[in-house]
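Chemist: I would like the atomic coordinates for the input below:
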Amino acid sequence: MKTTMKHLTRAIAALVTAATTCTAMAQVQSEYDKHREAATRNAGGDEFLLNTWRFYYCMYPENRQADRQAVIADRTPLPLTKIFDDVWYVGDHYIGTYIFKSVSGFMLLDTMFNSTDAQTKIVPALNALGVGPSLPVEGLYLTHGHGDHDGGAKYLQDLYHMPIYMGSADAVGKAYTATPIDSGNPNPQRVAVGARELTFLSTPGHTNGSATAFIPVHDGGRELTAVVVGGSAMPTTISGSRNYLDGVERTYALAKILEPEAGMHPHPVFDGSKRNMIDINANGLSTPSQFVIGSERMLRAIAILRQCSAANVARVDSTALLPVWRVTSIAFTPNPDEISAKVSSDWGPVPYQQVTFTSESTGAQCVATTDEQGVARCSGKLDPLRPFKDKVTATFAGAQSPAYVDLGSTKTATVLPPGHLRKQ
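Modeler: Prediction:
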């Protein structure tokens, strides 16, 4: 009996151990799932980002065919819509053209499907905006060479005799004459299209010549930068998916420098452009424009796109091992008695990392390390710190491990009196 009980006890223990092991294994996320989850978490609960960037870009790795077909089928017209002081959109819910106006003329971005689109939509829009000998079409920029983006290019070039700029890898064999921009150069390239200078970044993947552009626009008289992602649908090959991912990561790195505050997309569902234009047509153009979401939210958006892209790589390449990108934020309310900041992400506090505090007025700096709660406290002083006058910037440069990349973040705050509370 004792032997039987001993064996039974061992058997039960073995079963418990096996069950625990199976549960632990079940809880280990796949490479694919962890990147999809991170795409959601990086939105930080932002409804706009979740229902635009997250929903639409991740439909490719998630293989949501019904949603893809719904996007393609929605050809509801959008009238000529002013989105900034000097930018308009014409087209429909699925595809369109952006028109940029300057003191010397017009720049176009993409041309929709065919000459009929150009003749019946783009040309009347240009006429309404004053195209003519004193305000010619100075150039056309194509995000890439697919027919739903360059179908009207030849008609417009024959009519307006303007140069057409595009990635060199997509410029071969076209009916129109293209001015190629080097698709083999992974670095930013400055391109003047008439009076407007854009920053061209080759981001192959969607096509070999796809490119992302950073374009200056004006909103309420203020100049800011808008980013136009060059391709939406993600490749299903290993090499193509990895090229696409690399382009998104370089886009994020450039966005950290150029600090775009808005996005535009020729397929306007992806970044919320459609949603913004529906609101503009219903309620009028706001100040700032509905398109302006700020540089911090734009970086979140591109980080979401990066995670959808990483999920796509994991879906097509079972050997892929990619670090998760985690967006961080800084909670920061400086006062003359204490300068401290908390660095965190949706995964929790970011511990044991350096934060640099910089006084805007004097340039003085203090470097501190976050504790296990993600809080860094400056032990020195950044005198003088005058409440309601001086500003201090807290900067976390970012950190990397094989599993995670904690993205850098910055917060500038006005100095407040001791004990003064402000909602973060």
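
Chemist: contacts and neighbour counts: CA atoms only from here.
Modeler: Fine.

Chemist: how does this structure divide into domains?
Modeler: Following automatic domain parsing, one finds the domains of the chain at 33-321, 325-414.

Chemist: start and end of the shortest one, how far apart?
Modeler: If I follow you right, that is domain 325-414. 29 Å (Cα to Cα, to the nearest Å).

Chemist: chain center to it: distance?
Modeler: 24 Å (Cα atoms, centre = their mean, to the nearest Å).

Chemist: so for it, what's the average pLDDT?
Modeler: For domain 325-414, mean pLDDT rounds to 94.

Chemist: over to stretch 141-153?
Modeler: 98.

Chemist: repeat that for stretch 281-293.
Modeler: 98.

Chemist: what's the distance between it and the middle of its chain?
Modeler: 19 Å.

Chemist: can you point out the buried residues in that stretch?
Modeler: By neighbour count on 16 or more other Cα atoms under 10 Å, the buried set for stretch 281-293 is 285, 289-292.

Chemist: just the residues you listed: which are in strands?
Modeler: Here DSSP state E is the test, and the buried residues of stretch 281-293 give no hits in strands at all.

Chemist: any idea which of these is closest to Thr143?
Modeler: Phe291 (19.3 Å; Cα to Cα).

Chemist: and that closest one, backbone torsions?
Modeler: Dihedral angles of Phe291 (phi, psi; degrees, to the nearest 10) stand at phi -80, psi -20.

Chemist: same check, this time on Gln65
Modeler: Here is the backbone geometry of Gln65 (degrees, to the nearest 10): phi -60, psi -40.

Chemist: what does Lys34 give?
Modeler: Dihedral angles (degrees, to the nearest 10) for Lys34: phi -70, psi -30.

Chemist: so who does it touch?
Modeler: Residues in contact with Lys34 (Cα atoms under 8 Å, 6 or more residues apart in numbering) are 311, 324.

Chemist: next one: Gly44
Modeler: Counted by Cα under 8 Å, 6+ apart, Gly44 has contacts Asp346.

Chemist: confirm it sits in a strand?
Modeler: No. Looking at Gly44 with DSSP: H, G, I helix; E, B strand; the rest coil, it is coil, so not inside a strand.

Chemist: what's around Asp337, how many residues?
Modeler: Asp337: 12 surrounding residues under other Cα atoms under 10 Å.

Chemist: repeat that for Pro77.
Modeler: 13.

Chemist: all helices of the stretch 51-200 of the chain, in order?
Modeler: 55-57, 65-73, 115-117, 123-129, 147-150, 153-160 (DSSP state H, counting those that start in this stretch).

Chemist: what's the nearest residue to Gly398 if we skip its chain neighbours?
Modeler: Among residues not flanking Gly398 along the chain, Gly408 sits closest, at 3.8 Å (Cα to Cα, 6 or more residues apart in numbering).

Chemist: what's the pLDDT at the nearest residue to Arg68 once chain neighbours are set aside?
Modeler: Spatial nearest neighbour of Arg68, excluding adjacent residues (Cα to Cα, 6+ apart): Met59 at 7.2 Å. Looking at Met59, its pLDDT reads 98.

Chemist: now the one 10 residues further on
Modeler: At Gln69, the model reports a pLDDT of 98.

Chemist: measure it to Thr203 for me?
Modeler: Gln69 is 25 Å from Thr203, by Cα to Cα.

Chemist: please apply the same query to Ile302.
Modeler: Separation of Ile302 from Thr203 (Cα to Cα): 14 Å.

Chemist: out of the helices of the stretch 51-200 of the chain, which is closest to Ala403?
Modeler: Closest of these to Ala403 is helix 55-57, at 22.7 Å (criterion: Cα to Cα).

Chemist: neighbouring contacts of that closest one?
Modeler: 232-233, 269-270, 305, 308.

Chemist: okay, the residues you listed in TSV with neighbour count and secondary structure next?
Modeler: Below are these laid out as TSV (neighbours: other Cα atoms under 10 Å; DSSP: H, G, I helix; E, B strand; the rest coil):
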residue	neighbour count	secondary structure
Ser232	18	coil
Ala233	16	coil
Val269	22	coil
Phe270	24	coil
Leu305	25	helix
Cys308	31	helix
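
Chemist: what's the farthest-apart pair in those?
Modeler: Going by Cα to Cα, the pair spanning these furthest: Val269 and Cys308, at 15.8 Å.

Chemist: what about the residue nearest to Gly398, neighbour count?
Modeler: Gly408, neighbours per other Cα under 10 Å, totals 18.

Chemist: again with the one 3 residues further on
Modeler: Residues contacting Lys411 under the criterion other Cα under 10 Å number 17.

Chemist: what helix or strand does it sit in?
Modeler: Using DSSP states H and E, Lys411 falls within strand 409-414.

Chemist: what does Met298 give?
Modeler: Assigned by DSSP H and E, Met298 falls in helix 295-316.

Chemist: ok, the closest residue to Tyr176 other than its chain neighbours to Phe106 distance?
Modeler: Spatially, and ignoring its direct neighbours in sequence, Tyr176 is nearest to Lys154 (4.9 Å; Cα to Cα, 6+ apart). From Lys154 across to Phe106, the span is 17 Å (Cα to Cα).

Chemist: so what's the nearest residue to Pro77 once chain neighbours are set aside up against?
Modeler: Nearest non-adjacent residue to Pro77, counting by Cα to Cα, 6+ apart: Asp92, 4.1 Å away. By Cα under 8 Å, 6+ apart, Asp92 lies in contact with 74-79.

Chemist: which residues touch stretch 72-81?
Modeler: By Cα under 8 Å, 6+ apart, the list of residues contacting stretch 72-81 from outside reads 88-95, 125, 277, 280-281.

Chemist: cutoff 7 Å now
Modeler: 88-94, 125, 277 (Cα atoms under 7 Å, 6 or more residues apart in numbering).

Chemist: let me see the mean pLDDT of it.
Modeler: So the average pLDDT for stretch 72-81 ends up being 98.

Chemist: now find how far off-centre that stretch is within its chain.
Modeler: 23 Å.
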